[in-house]
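Enquirer: got a predicted model here, sequence first, then my questions.
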Amino acid sequence: MMREEAIQVILERLDREIVIAANGFISRETMVARDRTENFYMIGSMGLAPSIGLGLALSRPERRVVVLDGDGNLLMNLGVLPTASFHAPPNFIHIVLDNSAHGSTGNQPTFSAKVPLEQMAKAAGYRLVYRVARREELEAVLPLLLGGPGPAFLLVQLEIGDRREEIPRVSLHPEAIAARLRQVAAGSD
Amino acid sequence: MDWGTHAILATKLLKSCGLDPGAAIYASLPIIDRQPTHYHGVYAHTLDNFRDFLDVALEVFPSGEFTRRDFGALHDRKESAIQELEAHLDILPVSDEKGWHLVERKIYALRRIVEEAPVFAHHLEMAATLVGDPQVGRPGTDRLAAAVSLLSHPYFDVWINPIQFFLPDCAFASARWDFWTAIDFMKFRGEFYREEHITRFRAQIGEHPLWNTPLEPEPLVKSLIIPMGDMAAPTVPYEAVDWGIRRFLRYLGIDQYQRAIKEIEFCHRLEEEIDRLILQDFPRPTFAAPVVTRSRRPQMDQTVPDRGRPAARPQPRATGVTAHEFVRLLMEAGFDFFTGVPCSLMKGLFTLLAEHGYVQAAREDAAVGMATGAYLGGKQPVVLMQNSGLGQSLDSLSSLALLYRIPCLLLIGWRGYGGKDAPEHLLTGQITPTLLETLRIPYQILEEETIPQAIRWAADRMKQDRTPVALLLRKGIVT
C-alpha cells in the first residue's frame, strides 16, 4: 500500500472529524482524496501537525481530531509524544503514515526503517497503539481507533511512492484554510 | 562612600565572614588616590593594582613604626625601599615594559601609603570609636581579610562614583547607573554626606539583620567583584571579570573554584537595601507629565513593528505586579488558552496558570503549534517562553502562525536584557527585539506602570491584524 491509498481509506471513514495534515505530499494527497472544510493543510512548519492537533483537541473536547503525520515529520517533533500522553485528550488521534522516507524531498531514508515509532508512542503512554501494513488491516483498525479513548496512535507502514506530477500543490490560501476550519471548529468568526 | 562609612561596612563584612575586624583599615587604602588629583579614583580603585597595594599595606600597617606612629622612621624605611626598587629598575632592560610597570606600581604604592600614613592612623582611631570595637583599631595581618576589606571600598563606592575597576583589561566604568536615574541625583551628591544624613544612613545600614548572614570569605571575594562587571556601562565583557577574579584569587593563594551563590545573593540583597535607604531620602521629584504609552501612538504603517524601549532607563529592580494581578489582566483581555515552556523570569505565572489549564509543551515551536490549534478551536492563546525559545520557534512563527495569520500573544521572558546575565543569554538578549522586528511581529516591552495598557494593546492588535504579537518581559516586572 502506498500513502495515497492509505489516505483515501482513512478519509473515506471520516465523518465530522477535524483533520490536520502534515506538510508535503500528505497535505497534497489529502486534498486530492477529499477536500473538506474540516481539513487543515499544514504546508510549512514541518513536525508541528500533532502539536496543532493537540491544541485543537484540548480546546474542543467535543470534536475528534485526527492528525495525519509522517515519519519524517514525527521524528522532528518527538517531544509531542509525551506531551500528548501527558495532557491525554481522549479525542486526539495520531496517525503516522510511515514510508521510512522523506517522500517530498526525494525519498531520503528516515530512521523509522529501523526504529518502530509506534513503540515510542506506546512507551510515551498513548492509550491505544496500533501498527498496520495492509489495506485490510487498516480498514479493520480504523473503527477501533476512531471509537476508542485517545490519545490513540496508529502507524501505517507504507511503500515508497506517489503520483508525483499528478498531485497538485495545496491551492487554498493558508488564511482561507485557517478561517474555514475555525468556522466549523469554533463556530465563530 | 566616605572613609567612616567604608570602615563600618568593611567591619560588618569582615564579621559576617568571621574575619579579623582589624582588617577594616584596608578599606581606607584607596584614599591614596588623592594624588595625583587628575587621576583621582584610577590607581587604587582598580582590581589589578590591589595586589601591590595590599602587599605594601600589609607591610606598613602592622609595622612597629606605624604602631608607634613614628612617621619619620616610616618615611626613612620607605625611602630606602624605594631606592632599592629604583636600583632594580636600573638593571631592567628598557624593553621589559611589564617589569617596569610592576616596579613603578610598587613604588607608587609604597610612596603614597607611607605619605598618607598619618591619615590612616587617624582613620584607625576614629573607626574604632565609630564602630565601637577596639579590635578595629589594631591593623590586621591576614591577607584574605585585608583583601575583603579593600574590595569592599570600590564595591560600596559605586553608589557615589563611576569606577574603572577592571583596568587595564576593560575601561568601562562601574556604577549604579540605573539607580541614579531613579533618585534625585544632584540632591543626593550634594547632601548625602551631610552629618544628619550620613549618620542616619550608617546607623540604618549598620543595624540591618542582613549582616547576620554567615558568609565564606573566599566566595565573598568573588561576589564583590562580579557585580562590578554587571554594573558597568557598557557591560564589562565577562572574560575581563573572569580574569580579574582568577588573578586576584590566585594572588590570595586560592586555587579552587569558588561557588558564591549564597554570597552573591547576600550582595544582591545588600545592594537592594542600600538602594532603598538612599531612595527613601532622595526620591526623584515627580513631574505631572502624563504617562504616554506606545499603544496610543498613531500607527504609521501596520507592517512596521512597534519600536522598542522609550528613552528612559528602567528603574532598578522595580517591584512589578504580582503574578495574580498579571493573570487577571490577561484573562480580562480575553486570553483563555495558555501554553509554553517555563522561564525563570515569570515562574510565578507558571505556578498560577497551572490552575487555569496551562498546557505545557516540550519545546517552544510545539507551543506555537498548540496555540495555533487552540486558535482554530476558538481560543485566544498565549505562548509563554524565554527568549531563548524565540529562536527555536522561528519556523513555527514564519511558516505557521504568521503565514496562516494566527492571532496569539507571545509572552517572552527577556533574559540577557541590558547585557546583564549568564553568558548563554547575552547574544540572544541583545538580538531579541531585532528578531521580532525581522519576523515582523509587533511587540512592546512591558513597563511596570503600563502593564494593563500593554496587555490590552496586545489583545486588540493581534485580533485586528490577525497576527502573533509579543510582549517582552524583563526581570522583576512580574513577581
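Expert: Cool, got the structure. Owing to the predicted nature of the structure, the values given are computational and were not obtained by experimental measurement.

Enquirer: please report the distance of residue B:406 from residue B:228.
Expert: 46 Å (C-beta to C-beta, to the nearest Å). C-beta coordinates here come from the backbone N, C-alpha and C atoms, glycine included.

Enquirer: with neighbour numbers in mind, choose between the two.
Expert: residue B:406 (27 against 24; other C-beta atoms under 10 Å in any protein chain shown).

Enquirer: pretty sure that one is in a helix, no?
Expert: No: assigned with DSSP: H, G, I helix; E, B strand; the rest coil, residue B:406 falls outside any helix and is coil.

Enquirer: and it, how far is that from residue B:420?
Expert: 34 Å.

Enquirer: how about residue B:150?
Expert: 25 Å.

Enquirer: neighbour count: the two, which is higher?
Expert: Applying other C-beta under 10 Å to residue B:150 and residue B:420 shows that residue B:150 carries more neighbours, namely 26 against 18.

Enquirer: which ones are touching the more buried one?
Expert: Residue B:150 makes contact with B:26-27, B:29-30, B:50, B:53-54, B:57 under the criterion C-beta atoms under 8 Å, 6 or more residues apart in numbering or on different chains.

Enquirer: quick check, pLDDT for residue A:181.
Expert: Note on residue A:181: pLDDT of 95.

Enquirer: what does the stretch 301-450 of chain B put close to chain A?
Expert: Those residues of the stretch 301-450 of chain B that sit near chain A, judged by C-beta under 8 Å from any C-beta of the partner chain, are B:337, B:339, B:357, B:359-363, B:365-379, B:381, B:395-396, B:398-400, B:403-406.

Enquirer: which of those residues fall within helices?
Expert: Per DSSP state H, helices hold the following members of those: B:365-376, B:395-396.

Enquirer: ok, what's across the strand from the most centrally placed residue in chain A?
Expert: Closest to where the C-alpha atoms of chain A average out (C-alpha atoms, centre = their mean) is residue A:68, at 1.0 Å. Taking DSSP bridges, one obtains residue A:21, residue A:95 as the residues bridged to residue A:68.

Enquirer: just checking, it touches residue A:18?
Expert: No: assessed by C-beta atoms under 8 Å, residue A:68 is found out of contact with residue A:18, at 11.1 Å.

Enquirer: just give me the closest of the ones in helices among the residues of the stretch 301-450 of chain B next to chain A to residue B:123.
Expert: residue B:367 (59.5 Å; C-beta to C-beta).

Enquirer: and that closest one, how many neighbours?
Expert: Neighbours of residue B:367 (other C-beta under 10 Å): 32.

Enquirer: for residue B:59, same thing?
Expert: Residue B:59: 15 neighbours (other C-beta under 10 Å).

Enquirer: could you do residue A:161 as well?
Expert: Neighbour count of residue A:161, defined by other C-beta under 10 Å: 13.

Enquirer: strands of chain A, residue ranges please.
Expert: Secondary structure of chain A (DSSP state E): strands at A:18-21, A:39-41, A:65-70, A:92-98, A:101-102, A:108-109, A:128-132, A:152-157.

Enquirer: do the second one and chain B come into contact?
Expert: This means strand A:39-41. Yes: on the criterion C-beta under 8 Å from any C-beta, strand A:39-41 is in touch with chain B at residue A:40.

Enquirer: off-centre distance for that strand?
Expert: Relative to its chain's centre, strand A:39-41 lies at 10 Å (C-alpha atoms, centre = their mean, to the nearest Å).
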